[in-house]
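Q: next one to model:
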Amino acid sequence: MTTLAEQAQHGERTARQALSPLVALEGLVLLLAAPWLLFPDLSPLATAAALLALAVVWLLGLALDRDRLPRTPFNLIFLLWLAMLGVGILVSADPAATLSKAAGALLGLAAWRFLVIAISRRRHVSLATAVLIGVGLAFSLLGLLTLRDLPKIPVLTAANPFRDLALPGLEQLTTHPNQLAALIALFLPLLASLVVAPGRPRSVLWRAPLALAALLVAGVLVLTQSRGGWLATLAGLYGLLVLWAAVLPPSRLRRALWLLAALGVAVVVAGVLWVGPRTLLELWLNPPETTAVGTLATLNLRRQMWPWAVTAIGDFPFTGVGLGAFRQVVYRLYPLPLWPDYDIGHAHNIFLQTALDTGLPGLIAYLAILMIAAAVGWRIAVRDRGFRPVALGLLAGLVGLHVFGLADALVIGAKPAVVFWLALGLLAAMNKEDLAS
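A: The predicted model follows:
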């Protein structure tokens, strides 16, 4: 048990750290390094310099102030995660494919670390939440500029006002529509939670911009034409409904939320019964080429790929095939019935892909990170009403992201995945018991 004096001393030390020039220096270096880590192909030399600069500022900080090492529930499992990331990088036979994923993964961890050491006051949480939302909106708007010539639903392709826009170098900044949908599934529940949270924010001046941002992001989600993204976002929003119903004290509002949750389950069950289990099985085994929401033939790709992904994990259980290397390895070692120049991207399942990238130990670490995040987020939501909307929004976003990950993946090191690590960093920072007012 720590005494009140010890807690006060630790709080004062944390506040001094937040104002430390070293923290400011690390933030500046991270800000300057971020573009080169997001787009390492633009200049591998600049990317290497960015990584070196981050390493130097970390070592400098530890040398001058050992208390700057973040202390969070994630620390121990992060050691295993870092070790397996290193293994995934070292064993890769495709350095070109690994470079961008490795840079993105390190950027995510650097962002997580900075949030944990920089947030020492409650008002910093609001600022960090705004940064997370801003990053998500930036990716969404940039993605909107690159959503063109999508073949699934012509009506939605024609509805994109930027479909004919051509900017020099825009292809370097593109994000795959499905990855963009995964990002939105992750952070749209946060926006929704902040908008609908009872009493927070009280002012329309805050609710209105958040609601407009949520509507804008929802519109971008529709234009991605990602059916998996649509379902995942609905799952995340449903998860948000259940979380709010579970955390609120007994009241009419709580009963209404549970009634809505039960109604949602009833609608899904009724839909399954109306379509019929046999019809759903037939859709899976023989997906039609044309439907109202585009072709479902991509289900065949998953049915063909998943068994070979499992086989590859069995062949390389402790190391994986290399970070980002599965897209090449699968054609070299396994008879996947696709054209050799068809870029599969990844295994179309976040858990299979994580094991392929970092081995089964890496998958164990990833699952442990998610479980810790769930426990930390729920603890924050129960004990702190001020942080509750953010904590529940982030938890619901993690639900949406991993429902998406059942049939697709926001892979390790993907550009939008930095928002995932910002979310984890925000949860870790809110969990600190010595945040000053």
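Q: quick check: pLDDT value at the closest residue to Leu283 other than its chain neighbours.
A: With sequence-adjacent residues excluded and distances taken as Cβ to Cβ, 6 or more residues apart in numbering, Leu283 is closest to Leu296, at 6.6 Å. C-beta coordinates here come from the backbone N, C-alpha and C atoms, glycine included. Listed pLDDT for Leu296 reads 82.
Q: and Leu296, which of the three is it?
A: Following DSSP: H, G, I helix; E, B strand; the rest coil, the label given to Leu296 is coil.
Q: contacts only, for it.
A: Residues near Leu296 by Cβ atoms under 8 Å, 6 or more residues apart in numbering: 283, 287-289.
Q: export these to a markdown table and tack on secondary structure and distance to Pro40?
A: Converted to a markdown table, those look like this (DSSP: H, G, I helix; E, B strand; the rest coil; distance: Cβ to Cβ, whole Å):
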| residue | secondary structure | distance to Pro40 |
| --- | --- | --- |
| Leu283 | helix | 40 |
| Pro287 | coil | 36 |
| Pro288 | coil | 40 |
| Glu289 | coil | 38 |
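Q: buried subset of the residues you listed, written for ChimeraX?
A: Buried residues among the contacts of Leu296 (16 or more other Cβ atoms under 10 Å), as a ChimeraX selection:
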select :287
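Q: pLDDT weak spots in the stretch 301-437 of the chain?
A: For the stretch 301-437 of the chain, the stretches flagged by pLDDT under 70 are 436.
Q: right, and the helix or strand after whichever strand or helix holds Gly88?
A: Under the criterion of DSSP states H and E, Gly88 resides in helix 75-90. On the C-terminal side of helix 75-90, the nearest following helix or strand under DSSP H and E is helix 95-118.
Q: could you give the angle of that following helix to helix 75-90?
A: On the basis of axes from the mean of the first three to the mean of the last three Cα atoms, to 10 degrees, helix 95-118 is oriented at 160 degrees to helix 75-90.
Q: buried set for helix 95-118?
A: Of all the residues in helix 95-118, those buried under the rule 16+ other Cβ under 10 Å are 97-118.
Q: surely Val310 is in contact with Leu352?
A: Yes - Val310 is within contact range of Leu352, at 7.0 Å (criterion: Cβ atoms under 8 Å).
Q: who has more neighbours, those two?
A: It is Leu352, of Val310 and Leu352, that has more neighbours when counted by other Cβ atoms under 10 Å, with 21 against 15.
Q: so the more buried one sits against Thr311, correct?
A: No - with contacts counted by Cβ under 8 Å, Leu352 stays clear of Thr311, the gap being 10.8 Å.
Q: how about Leu338: what's its closest non-neighbour residue?
A: Excluding the flanking residues, the one nearest Leu338 by Cβ to Cβ, 6+ apart is Ile344, at 7.0 Å.
Q: how far away from the center of its chain is stretch 111-120?
A: Once both centres are worked out by Cα atoms, centre = their mean, to the nearest Å, stretch 111-120 turns out to sit 17 Å from its chain's centre.
Q: let me fix that: stretch 268-279
A: Relative to its parent chain, stretch 268-279 has a centroid offset of 31 Å by Cα atoms, centre = their mean.
Q: distance between the lengthiest helix in the chain and the chain's centre?
A: As assigned by DSSP state H, the longest helix anywhere in the chain is helix 350-383. Distance of helix 350-383 from the chain centroid (Cα atoms, centre = their mean) equals 12 Å.
Q: just the CA trace of stretch 114-122, in PDB.
A: Taking Å, rounded to 0.1, in the frame of the first residue of the first chain, the C-alpha atoms of stretch 114-122 are listed here in PDB:
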ATOM      1  CA  PHE A 114       4.200   9.100 -25.900                       C
ATOM      2  CA  LEU A 115       0.500   9.300 -24.800                       C
ATOM      3  CA  VAL A 116       1.400   7.300 -21.700                       C
ATOM      4  CA  ILE A 117       4.300   9.600 -20.600                       C
ATOM      5  CA  ALA A 118       2.700  12.900 -21.800                       C
ATOM      6  CA  ILE A 119      -0.800  12.600 -20.200                       C
ATOM      7  CA  SER A 120      -0.500  13.600 -16.600                       C
ATOM      8  CA  ARG A 121      -3.600  15.700 -16.200                       C
ATOM      9  CA  ARG A 122      -7.300  15.000 -16.800                       C
END
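Q: next up, phi/psi of Arg71, please.
A: When read as degrees, to the nearest 10, the backbone of Arg71 gives phi -110, psi 110.
Q: and the gap between Leu107 and Pro307?
A: In this structure, Leu107 and Pro307 are 33 Å apart, going by Cβ to Cβ, to the nearest Å.
Q: please apply the same query to Leu273.
A: Taking Cβ to Cβ, one finds Leu273 at 30 Å from Pro307.
Q: same thing with Val29?
A: Distance from Val29 to Pro307, counting by Cβ to Cβ: 44 Å.
Q: go on, Pro209?
A: Note on Pro209: its distance to Pro307, by Cβ to Cβ, is 47 Å.
Q: kindly report the same for Leu145.
A: Counting by Cβ to Cβ, the separation of Leu145 from Pro307 is 37 Å.
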